[in-house]
Structures are given as structure tokens and as C-alpha cells.
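Peer 1: show me how the following folds:
(chains A, B, C and D)
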Number of protein chains: 2
Amino acid sequence: MVTLEDVAKQAGVSLATASRVLNGSTRQVGATLRARVERAADELGYRANIAAQTLARGASNVIGIVVHDLTDPYFAALADGAMRAAATEGMLVMVGTTHRDPEQEIAYVATMNAQRVRAVLLAGSRVDDPVVTGRLREELARYQEGGGRAACVGQDLLGVDTVAPANRAGAAALARALAGLGHTRFAVLAGPPHLVTAADRCAGFAAALRELGLPEPVVVHGPFDRDGGYRAATEIGEATCVFAVNDVMAVGALAACRERGIRVPEDVSVAGFDDIVTLRDHVPALTTVRLPLTDMGARALELALGREDATAAPVVEHVAGEVVLRESVRRMA
Amino acid sequence: MVTLEDVAKQAGVSLATASRVLNGSTRQVGATLRARVERAADELGYRANIAAQTLARGASNVIGIVVHDLTDPYFAALADGAMRAAATEGMLVMVGTTHRDPEQEIAYVATMNAQRVRAVLLAGSRVDDPVVTGRLREELARYQEGGGRAACVGQDLLGVDTVAPANRAGAAALARALAGLGHTRFAVLAGPPHLVTAADRCAGFAAALRELGLPEPVVVHGPFDRDGGYRAATEIGEATCVFAVNDVMAVGALAACRERGIRVPEDVSVAGFDDIVTLRDHVPALTTVRLPLTDMGARALELALGREDATAAPVVEHVAGEVVLRESVRRMA
DNA sequence: GCAGACTTGGAAACCGCTTTCCGGGAGGTC
DNA sequence: GACCTCCCGGAAAGCGGTTTCCAAGTCTGC
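Peer 2: A predicted model of the protein is given here:
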């Protein structure tokens, strides 16, 4: 590989001068030498060794994002937002996928720390396990002590800057909207009990029903994905309205209904959460709670990067969800 | 940050010994010292500085993936496959998104080169522009001269290891299947003319029709995304069967039909390409050509990493598509 | 009991770049 | 014209690791 020294030699200047010309220094270099260096670099096809730069500068230009699953459009949207924001800051992005294994998440924080990434973003639901969360916090703290910045999209449980979707409030608003259509018997496809996102949405929904004086919903637990929704949909009992705690599950539920000859929304209404773009053309169109996922990802990155005072208290930004009523629910007679 | 030297000092050993214990060396270290070092590292919370390791070793453990758009499930699936494969090799993944800008793609190869990533994966269609392709090849060559490995998912146009989906053959098989259902008047929602993937699928489809002695299809160009399909669908003329060159476009076309009261498949049949998992529950279920995207991503990574002899000719692996007939097409009376 | 082969720990060179610190020359002031 | 700045180029000291090369033990086998 061509090194800076090669370039300097070829241009007949010192290493320092070559460095100043090629890799953005505050110091000026005279026009003649500058041109000579640039020409040499071009002729030789010089590419700076970023590992060396990172080492010398003590700071890298990559940021780390840890998500559960890139093929889940929820995380893809979050990651996309973060990556766009990163690009405008001139940063590269390193992505880790945990496939929902909390241990992996901890391991990734350690790895990102080793990489000395400028910031790490934890996207995705926290898990209701104090031990695991504690270890994650420890690992994050270690990273932050070393000057790293961290942010999280999800529940404010990590003591870092957080973009927190209003899962409870959004689900509650949805419940009120559905109750407003005349529904009284509800079921919730609630996802796994230990996933805080799922639990919050479920709890928010149930609490709103309670406030309205409506009966408790049937709660069916299961995986947080399409198949989880598909299977859970078979156990909704007499409900006339089903809330799946995310869109992907809702689509699974819709598929289950279709296969069993249950019409939506005529026989049963179905709603989801997230408003996944890829699913907007689904038939029937899904009633849901819209979250500005791309913006959230971008915002989280800005929070992590923007923090000037490392000792300041973490900021938590709440983002509201907007209920979007579509064909998959109907008004009760 | 705590450095290896801190650990060595705390353990009362030399830097060399500490390095050998902590960062996988071939050399043995006695049990006593080994334990002392491990203990010190643990107490201090040592995390190796990977930038330093990369510099010293001259090789990093990260691989780069360049995709067009992560929120497009096609690329998400490809990236997911590659990331899984990378994880099993103990590699990290750096992702760049170009948003379909070929200049960005070139820039990312240069950046990945600067990062000294172990391998770079170019996922996504080539563009029919010899100048741009030439510059990309140059940049790749520069990277490979420095010992980098590269692979590509898409057309074999870059002179690197390639996983090449059988776009022409898949589209041709689809055409024959649709013709077998009795269709004779076709339209192709063809995407942008300069995108090789789109062009190949279109050409394969048209060629098969020709061989069958059927009339030329109506070809409508437009963007390669959902909205492109949506808009193009309004210009299909008298066709009874529409082939959108990817699933996302097909879904857009389906939406357009729905809005205009055109029933699918009763009034018109629609088919796509890729068999995107997230779209499998679409109604009507989409006829398509299935590509094993996750495997393709993984395979490309293996190709790039597995290459022992850097001078060997690039290998091109063709992967077939499988026609999947579903509800969105019907048999003509 | 001793030569020779292994094993194991440490000193130091090196990976490629940034940046501080110096020194010399140009430009400005009185 | 002397003096003081200011500007710009270069030498060299790191950044935090890895690895080569030595030297000192430790084991063998005879």
C-alpha cells in the first residue's frame, strides 16, 4: 500500500507537510508544495490509512448502531435515519445485529468500544431483566468513561440520551379511537411479556380501556414477529377488535384471519403499531399508530453526537405516535 | 482509556506478555503470568484499541457492505445474509448506503479502502454507464492491489467475485409460465433503462415472449421503487398481464389498480420479481420469481473472504430464480 | 552431569499518521 | 536599517498495539 511517506518522498517534502495537505489540518501549506503533494498523492493513488489516523488522532469517524434485525422494517427505517444523519456529519456507520439476543447487545457495545467508535446507538426494545440491563449499563458506562457517546431509541432505562417513542400513550390513544368506533370487546396480541416495548403498548392500551370503563382485553402473548401475530390471532376469543402491538404482527394476524375465513374489518377489526412504510399498500389498509422512525433514528444520532458536556444529565426526547385509522377497522353498528 | 501498558504494569509483566495473553497470539504464556494479566485486565476494564491492532497487524476485522437503500427489503435481506456470514467469521460490518448514486458507490469503495476493511461487498444493480463503471473498477483495482478482497451481488461487470442472479432466465421462465396461463398481451413495468438489473429482467421477459411467437410487450419505464410501479401501472394499455421488474414496484402497481377499480387478477394479472419476504402476506398474493437473497448475501461474503489465491480469476456464481405462481395472476379463459 | 533443543519472558523496532516544537525567512513598523 | 511578528516547512515524539529477536531457563537424552 502507498503510505504518506511515499507521497512525501515523491513530492520531495516532509511527512508533516504531506499530512497537512492531504488530511485536513488547521495549518496552511504554501501553494507550490500543496500542489506538488496533491499531484504525488494522485499519481500514487494514495489512500490514507484510517486506522493510523484514528490511532494518532485518538478519535475515529465511525459510529456504531446496534439493532435487533435489519430485515425487520422497523429497524431498517431507524438505521436508515441514523445513517443519513451520520453521512451528513461525515461519519461512517458500523452495524451490529443481535437477533434479539441481549448478550449480543452487550458484546456489541464492548466491540464498538474496542473500535473506539465515536458514538453508539442502541436501537430496539429493552428487556425486562435487571441483571442483563445492569450489565449493559456497566458496559456502556465503561465506554462513556473512555469518552464515547451513546444514545438509545426505546425506553429510558440505560441512563443515556434517549429517543423514547410514546408507546403507552400511543396505544392508549389508539384504544380510545377504537372504542370511539363502538368496540367493546378487545384482544391484544401482546408479544413477549419481557419485551418492554411490547409490554408498554399492551399496558397503555389496557389502561385506556379501563379508564373508559370497558372490559379487560384478552391478552395473547407470543413472538414479536409476523408468525407471532399469525399464531396469536387464533386465540382472540370473542373480541371484535384486535390490537397487535406492532404492524408486522398485525399483518400476520390478518393473514391468519384470511385463511380461516374471518373477514376484516367486517367480522373483526385489526390494528397495529409503527406504520411501517413497506406495509402501507397492504389490503385491507392497516390502522396503526405512526412513529416517525427515520427521524427518530436521525435524532438519536444527533443527540449522541451533539452532546458537548459529557457530564450533563442524559436528555430524553419523547416522540408521540399518531393514530391513523384505515380500512382494517370498522365502526360498530 | 486504559491501555495495554496499564495492564502490563498492573500485572507486573512486559507489554509483550500482556499482548500475548490478551490478544490471541500463537505463543504460549505461563499459567501464573497469564492469570495475573487476565486479572489485571479485568480489574481495569481493559478494551483493546482496535485501531492500534489494525495498524500493527496490517489487517482489520471489519468488512464493508455497500447497498443502495437499507429500507428496501431487497437490500436489507442481502445485507442480513452478509452480516450473518460475517458474524460467523468473527467480522464486523460497516454499511454504506448510496441511495442509488453511483458516485457514492465509488466514494464508498475509496472510504472502505482507507478503512482497510478486509473485504468489500457491492450489492445492487450495476448501471449501464461505461465511464462510471470504469471508475468504479479502477477504485476496486486500487483496493485489491493493496490486498483487499471484493465481491459483488449483481451483474458480472466489475471483474470481481460475483453472485449473479439469473435475471434474464428468471424473467424468461416467468414469461413462459404466464404465457402458459393463456396470456398474450403483456406490459412490463421496466424500471429505469440504465439499471442493468431492470434492463435484464425486461429483456429476458421480452425475449421469451418472442420465442413463443407472442406480441412484444408494452414497456413502461420509471423509477425502480413502489411509486415507480404505481405510476407506470397507469400506462399499460390493453395488456392482460403486467410484469413489474421487482416486487416493490408490483405492489405499487397493485395499489394503482385497486384505486382505479381494476381488479387483480380478474381484470389484469400482475407479477413481480424477488419474492420479498415482508410482502408475502400481500393481498392478492404476488406471483413472482423467488431469489434466495439472504443466501446470496452470505455467499458473496464467503466468496470475498474465501479467496486464497488473490491472482486467481474471479469466480462468478449464478443463482437461479424460481417462479412462484400465486393469486395475483389468473388463467385466461 | 552436560550438550542441545524447547520454552517462555522482555526489549525494542515498527505499523502509518498527527502534531508539537523549532528555526528560518518574509513582511511590517518606527 | 533594526526589531518584532507572523507564516510556513521539517524533525521527532507520540498514539497503542504486534512481533522479531535475544537471553535465560527448563527439559530431554545419553
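
Peer 1: all helices for the stretch 201-333 of chain A, in order.
Peer 2: In the stretch 201-333 of chain A, the segments counted as helices under DSSP state H, counting those that start in this stretch are A:226-232, A:247-259, A:293-306.

Peer 1: so which of the ones you listed comes closest to DNA strand D?
Peer 2: helix A:293-306 (21.5 Å; Cβ to the nearest atom of the strand). From N, CA and C alone the C-beta is placed, and that goes for glycine too.

Peer 1: the closest one packs against which elements?
Peer 2: strand A:62-67, helix A:73-88, strand A:119-123, strand A:149-153, strand A:161-165, strand A:316-319 (3 or more Cβ pairs under 8 Å, 6 or more residues apart in numbering or on different chains; DSSP states H and E).

Peer 1: re the thing from before, and the helices of the stretch 201-333 of chain A as JSON lines, adding distance to A:G24, mean pLDDT and mean neighbour count?
Peer 2: Below are these laid out as JSON lines (distance: least, Cβ to Cβ, whole Å; pLDDT from 0 to 100; neighbours: other Cβ atoms under 10 Å in any protein chain shown):
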{"stretch": "helix A:226-232", "distance to A:G24": "47", "mean pLDDT": "97", "mean neighbour count": "23"}
{"stretch": "helix A:247-259", "distance to A:G24": "44", "mean pLDDT": "97", "mean neighbour count": "25"}
{"stretch": "helix A:293-306", "distance to A:G24": "18", "mean pLDDT": "94", "mean neighbour count": "22"}
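
Peer 1: of all those, which one comes closest to B:L291?
Peer 2: helix A:226-232 (19.5 Å; Cβ to Cβ).

Peer 1: what residues does the closest one touch?
Peer 2: Helix A:226-232 is contacted from outside by A:189-191, A:220-223, A:244, A:248-253, A:255-256, B:281, using Cβ atoms under 8 Å, 6 or more residues apart in numbering or on different chains.

Peer 1: identify the residue nearest A:V62 in space, chain neighbours excluded?
Peer 2: Of all residues not flanking A:V62 in the chain, A:L92 sits nearest, at 4.4 Å (Cβ to Cβ, 6 or more residues apart in numbering or on different chains).

Peer 1: what's the end-to-end length of stretch A:256-276?
Peer 2: 19 Å (Cα to Cα, to the nearest Å).

Peer 1: that stretch near chain B at all?
Peer 2: Yes. Counting by Cβ under 8 Å from any Cβ of the partner chain, chain B has neighbours in stretch A:256-276: A:R258.

Peer 1: and for the residue nearest to A:V62, the neighbour number?
Peer 2: Number of residues near A:L92 (other Cβ atoms under 10 Å in any protein chain shown) recorded here: 24.

Peer 1: A:T133 too?
Peer 2: Count around A:T133 with other Cβ under 10 Å applied: 18.

Peer 1: any idea which element it lies in?
Peer 2: A:T133 belongs to helix A:130-145 when assigned by DSSP states H and E.

Peer 1: can you pull the contacts of the residue positioned nearest the centre of chain A?
Peer 2: Nearest to the geometric centre of chain A sits A:A123, at 3.5 Å (Cα atoms, centre = their mean). Neighbour list for A:A123: A:65-68, A:75, A:78-79, A:82, A:152-154, A:297, A:300 [criterion: Cβ under 8 Å, 6+ apart].

Peer 1: is it bridged to anything, and to what?
Peer 2: Assessed by DSSP bridges, A:A123 has beta-bridge partners A:V153.

Peer 1: I'd like the distance between A:V127 and A:A151.
Peer 2: 18 Å (Cβ to Cβ, to the nearest Å).

Peer 1: repeat that for A:M112.
Peer 2: A:M112 sits 12 Å away from A:A151, going by Cβ to Cβ.

Peer 1: between these two, what contacts are shared?
Peer 2: Common neighbours of A:M112 and A:A151 (Cβ under 8 Å, 6+ apart) are A:V120.

Peer 1: want to throw the helices and strands packed on helix A:293-306 into a markdown table with distance to DNA strand C and mean pLDDT?
Peer 2: Below are these laid out as a markdown table (distance: least, Cβ to the nearest atom of the strand, whole Å; pLDDT from 0 to 100):
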| stretch | distance to DNA strand C | mean pLDDT |
| --- | --- | --- |
| strand A:62-67 | 15 | 95 |
| helix A:73-88 | 20 | 96 |
| strand A:119-123 | 19 | 95 |
| strand A:149-153 | 19 | 95 |
| strand A:161-165 | 26 | 96 |
| strand A:316-319 | 32 | 96 |
